[in-house]
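>>> Just need the structure, nothing else, for what follows:
(2 chains)
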Amino acid sequence: MKPRAITGCSVLSALGVGRETFERALRDPEAVATSAITTFDPSPYFAQGVPHVAEVPDFDPTQFLGDKGLRTLDRLTKLMVVSARLALGDAGLKKTGEGGAWGFAEGVDPTRVGVVCSNAYGSLEAITELDRVAKLEDARYINPAKFPNTVSNSASGYVSIWEDLRALNITVSDGNPGGLDGFAVADLMLATRRADAILVGGAEAMCEALFLAFAKLEAGPDHAKLAEAAVFLAVEPTAAAEARGAKVLGHIFGFGTAFEAPTSDVALFHASAAAVSRALRSALADAGIEAAAVGGVVSGIAGLPRFDEAEHDGITDVFGPSIAIERPKARFGETLGASGTLAVATALASPTSATFTAVVSVGYYGNVSAVIVRTA
Amino acid sequence: MTARVYITGVGVVSSIGLGKQAFYEALAAGRSGISAIASFDASKLGRSLGGEVKQFRAKDHLTAAEARRTGRASAMALAAARMAVADAKIADGDLRGPRTAVVIGTTMGEVDVLEILEDGWIRRGTNHVKSALIPKFASTLLPIHIARAFGAEGMQLTLPGACAAGNYAIGIAADLIRTGKADVVIAGATEILQELQYAGFVRLAAMATDRCQPFDKNRQGLIVGEGAGVVVLESEAHAVRRNANVVAEVGAIGITCDAYHITRPHPDATGSISAMRQAISRSGLTPADVDFVNAHGTGTKANDQAEAKVMHEVFGDRRVPISSMKSTIGHCMGAASALEAIGCVMTIETGIYPPTMGYETPDPECDIAVVANEARKGPHDVLLNNSLAFGGYNAVVCFAKPGRIDPSGFQGDA
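Here you go, the predicted model:
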C-alpha cells in the first residue's frame, strides 16, 4: 500500500465526544467507560447485576445537527453522522462559512469524497423495533419510515446524505476486524482514483438485543464492557493531503489479513496465534518495514481468555516478548465493528518512541486483520 | 497492476433453477419463479407472491456440519460457491492459502436466524432465546463459511451494499485481483425472503400485487425474491496457468452515492449516470461499445424512470437493448445484482438477451429499447450490469467477452 495520510479524526466513545476529549481520556489512566444506560430499560437484568455495557454519555445529536430530520433515524445513524461531521471539520474538508453555513472548503469536490464504514450489528436496533411491532401487533403496522434502518448500509448512506458526499459509499461488516478492513477497501478506492478523500470509520450503537446476545453468550466477568462508539478518520493520498496543505495526523502504511478455520467441523468461534502472526507479518510486508521498526501494538485484547491468548502469542511471535501492548478495550469497552478504527485512533493519539505502531484486530470466527500506522 | 480479471465459473441458487444450466434455460425462456409464498403467511399484508426458492435444501449441497452451522443465506451462498468452483473446474488445492479471497454481499444477511432468536425473546422472554443460535447470526460469516469449505485464507469481506451488493462484491473483488491483493476471489451475494423485509416493502407501497412489470406504463412495483449468485474470478495469470475455461472478463465497477434520499433514486439520476460512465470509461471503452444493459429494473415508478434517464444520458439516441430479470425472479435484494451478473455471463456465452416479461404498454417516461416478453439474440461483446440501492448506492459493472476490455482504462496505482 502507498502511505495514506490521515488528516482528520473524530471519536465518539463511552469516554466522550470529540477528538480532544478522546485524547484527554487516553492521557488519564483513571478514565474508564461506565454504565449509564439510556438506550433500553436495564431493570429486568438487575437480578444479574448492572448490565455490563457503556454508551456514549449524554449524546445529543441536536447540538451538532440541529433538530430537523432526526426523528426516524436510529441511534447508530445519529452517532455516525455526528462523528462524520466532526471528522470532516477536523480534516478541513468542510467548514462553517460566513453566516454559519456548513459547507465544503474551497477546492473540495463533493463527488470526490467517499465513505467506507464498518459495523458488525448495525441494523439490530431497527430490526428489533420493527420485529416487536410485527410480532406483538401486526406486520401491517410497522413504520415504513423506519424500515430503511433495517438495512445494514443505511446508516452509512445517511452520512452521505447529511454531508453530501457523492463518491463511493461502502459498508463493511466483518465483525471486529471490519474497522481495519475498511482501510484496505479505502486504499483500493484511492489507488483506483475513485475518490480524493475518504472518511474511513467504524461504528456500533447500543441496543437491548445486542446486550442480550452477549449476555447469553456468557463472555465472563473479565470481558470488557460492551460499548458503543463512532469513529471516523479522513484518509487521503499523501500527495493530495500535502497539496491542499492539510495537517497530517499520521499515515496508514500497510495492511495485512489472515483467516484460519477451526479444526473442529462444527465449531464457529476460533482464534489462533498463527493467524494473528500471519496478518501482522503481511501488514509489515505491505508497509515494507521490519518488525524492529514498530514501537508498540494496539491490540484488541478484551478479556476473552482464548482469544486474548492467541492475540498475545501472535503479537509476541512477531515483535518479541518485550513489545508494548496497548489494550484500549479495557477502557473504552468492546466496540465490535468500531473497535478497529478506534484502535487506529488510539495509535495516532499515543505515539511511541518508534516511527510505527501496529494495530491488530481478531475476529470471533478465525479472521484477523492488522494495519501499520506511522505516527511520527 | 494485473489488468485482466476473468470469470471462470458461476453458481446459482434461484427461484427458476439451481445451477447454471437450469438458470440459463429458464431465464432464456422467460419462465417465472414467482409463486405463492410457503415460508410465511403474506395474506395479511394483502399479498401472496414472492420469488421463493422452493427447491433448495441445504443438505443437498452442504455437509451435515455445514448445514448445522449455517443459516439459509449462508447455506445458499455456500451452495452457489460450490457450484461455481465445480463449474470453474479448479482443483481442491488451488484455492487453499492466502491468495484466495472471498467477498460476499447481502442486505440483511442471516435474518432468518435473527427471526428465530427474536421470536423467542419478544413473544416469550429472555429465557427463550436460543443461545446456540446467536453466533450464527453475524454477517461476517457469509464469506467465512465459503472460505472454510475451500481452504481460502485471504481476505474475507462482507459487503452489505443493499440491492447493489452483488455488483459491489464482484466489482471490488475484481479490483482486489487487479491490484495484486489476490489471485482468485470467490465473489457474489445472497439474500433470503423474510417476512419483515417483505412487510417493509409492502408498507413502502413498493410491492406489486400480482406481477412485476419493469418499464411498463402500468407497472405496480416489485415482487421480493431470494437467491444467491456466486462467481469465481481469477487473474489472467492464474487462469492461463491452469488452462481455465474463461467464460467472461470483468471490466470496471462504476460506483457512486446519490447523497439524496435513503430509498428514492435521485430524480436527475446524476449519480447513476456517473456510475455507468465510470464503468464504461474505466473499462477502456466508449458508450458505442456497449451491446446490452442488464437493468436494475425493479418495476417501481421511480426506479424505472431514473434508469431510463440514465440510458438516454449515457447512450444518447442510440437505443441500447435493456432488460430486467426481476420480472422473472423477483427482486432478490442483496443477491439481485449477483444473479443479474450471472445473467450477463449467460448473454456473453450464448448471445441471448433475457426477456422482460409482462411488458405490455410502453411508458413514454421510459422510452427505452426493452427486450419485451421474449428472449432474443444480439451482439454480446460488452454488457453492463446496472444496480441502484437503498442508501443512494449506485454500482455498475462491465462484463465482456475475454479480451474485449482495454486495460489502459483502469486508473490504478494512485
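
>>> Can I get the helix or strand hosting A:Ala370 in PDB? Just the C-alpha atoms.
For A:Ala370, the element it lies in under DSSP states H and E is strand A:367-374. Extracted C-alpha coordinates of strand A:367-374, given in PDB (Å, rounded to 0.1, in the frame of the first residue of the first chain):
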ATOM      1  CA  ASN A 367     -10.400 -13.800  10.800                       C
ATOM      2  CA  VAL A 368      -7.700 -11.400  11.700                       C
ATOM      3  CA  SER A 369      -6.600  -8.000  10.300                       C
ATOM      4  CA  ALA A 370      -3.700  -5.700  11.000                       C
ATOM      5  CA  VAL A 371      -2.500  -2.300   9.900                       C
ATOM      6  CA  ILE A 372       0.700  -0.400  10.300                       C
ATOM      7  CA  VAL A 373       0.300   3.200  11.400                       C
ATOM      8  CA  ARG A 374       3.100   5.700  11.000                       C
END
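
>>> touching chain B at all, it?
Yes - using CB under 8 Å from any CB of the partner chain, we find that strand A:367-374 touches chain B at A:Asn367. Every C-beta, even on glycine, is put in place using the N, C-alpha and C of the backbone.

>>> per-residue confidence averaged over that strand?
Averaged across strand A:367-374, pLDDT comes to 97.

>>> Which strands or helices does that strand pack on?
helix A:178-191, strand A:250-259, helix A:273-287, helix A:339-349, strand A:356-362 (3 or more CB pairs under 8 Å, 6 or more residues apart in numbering or on different chains; DSSP states H and E).

>>> Pull up the pairing partners for it, direction included.
In the sheet, strand A:367-374 lines up against strand A:250-259 (antiparallel), strand A:356-362 (antiparallel) (DSSP bridges).

>>> Could you save those strands as JSON lines and add columns showing mean pLDDT and mean neighbour count?
Formatted as JSON lines, these follow (pLDDT from 0 to 100; neighbours: other CB atoms under 10 Å in any protein chain shown):
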{"stretch": "strand A:250-259", "mean pLDDT": "98", "mean neighbour count": "26"}
{"stretch": "strand A:356-362", "mean pLDDT": "98", "mean neighbour count": "30"}
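
>>> And these: which comes nearest B:Val111?
Distance to B:Val111, taken as CB to CB, is lowest for strand A:250-259 among those, at 24.1 Å.

>>> Quick one: work out the angle between the closest one and helix A:339-349.
140 degrees (axes from the mean of the first three to the mean of the last three CA atoms, to 10 degrees).

>>> and the angle from strand A:250-259 to helix A:273-287?
Between strand A:250-259 and helix A:273-287, the angle comes out at 140 degrees (the same axes, to 10 degrees).

>>> which sections of chain B are below the confidence cut-off?
B:1-2 (pLDDT under 70).

>>> remind me, longest helix of it?
helix B:72-88 (DSSP state H).

>>> before we move on, what about chain A?
From DSSP H, the single longest helix across chain A is helix A:75-91.

>>> so does it get close to chain B?
No - if you take CB under 8 Å from any CB as the test, helix A:75-91 misses chain B, and the best it gets is 9.5 Å.

>>> okay, that helix in PDB with CA atoms only?
What follows is helix A:75-91, C-alpha atoms only, in PDB (Å, rounded to 0.1, in the frame of the first residue of the first chain):
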ATOM      1  CA  ARG A  75     -29.100   5.800  17.300                       C
ATOM      2  CA  LEU A  76     -26.300   4.300  15.100                       C
ATOM      3  CA  THR A  77     -27.100   6.700  12.300                       C
ATOM      4  CA  LYS A  78     -27.100   9.700  14.600                       C
ATOM      5  CA  LEU A  79     -23.700   8.700  16.100                       C
ATOM      6  CA  MET A  80     -22.200   8.200  12.700                       C
ATOM      7  CA  VAL A  81     -23.500  11.400  11.200                       C
ATOM      8  CA  VAL A  82     -22.200  13.400  14.100                       C
ATOM      9  CA  SER A  83     -18.800  11.700  14.000                       C
ATOM     10  CA  ALA A  84     -18.500  12.100  10.200                       C
ATOM     11  CA  ARG A  85     -19.300  15.800  10.600                       C
ATOM     12  CA  LEU A  86     -16.600  16.300  13.200                       C
ATOM     13  CA  ALA A  87     -14.100  14.400  11.200                       C
ATOM     14  CA  LEU A  88     -14.800  16.400   8.100                       C
ATOM     15  CA  GLY A  89     -14.300  19.600  10.100                       C
ATOM     16  CA  ASP A  90     -11.200  18.300  11.700                       C
ATOM     17  CA  ALA A  91      -9.700  17.500   8.300                       C
END
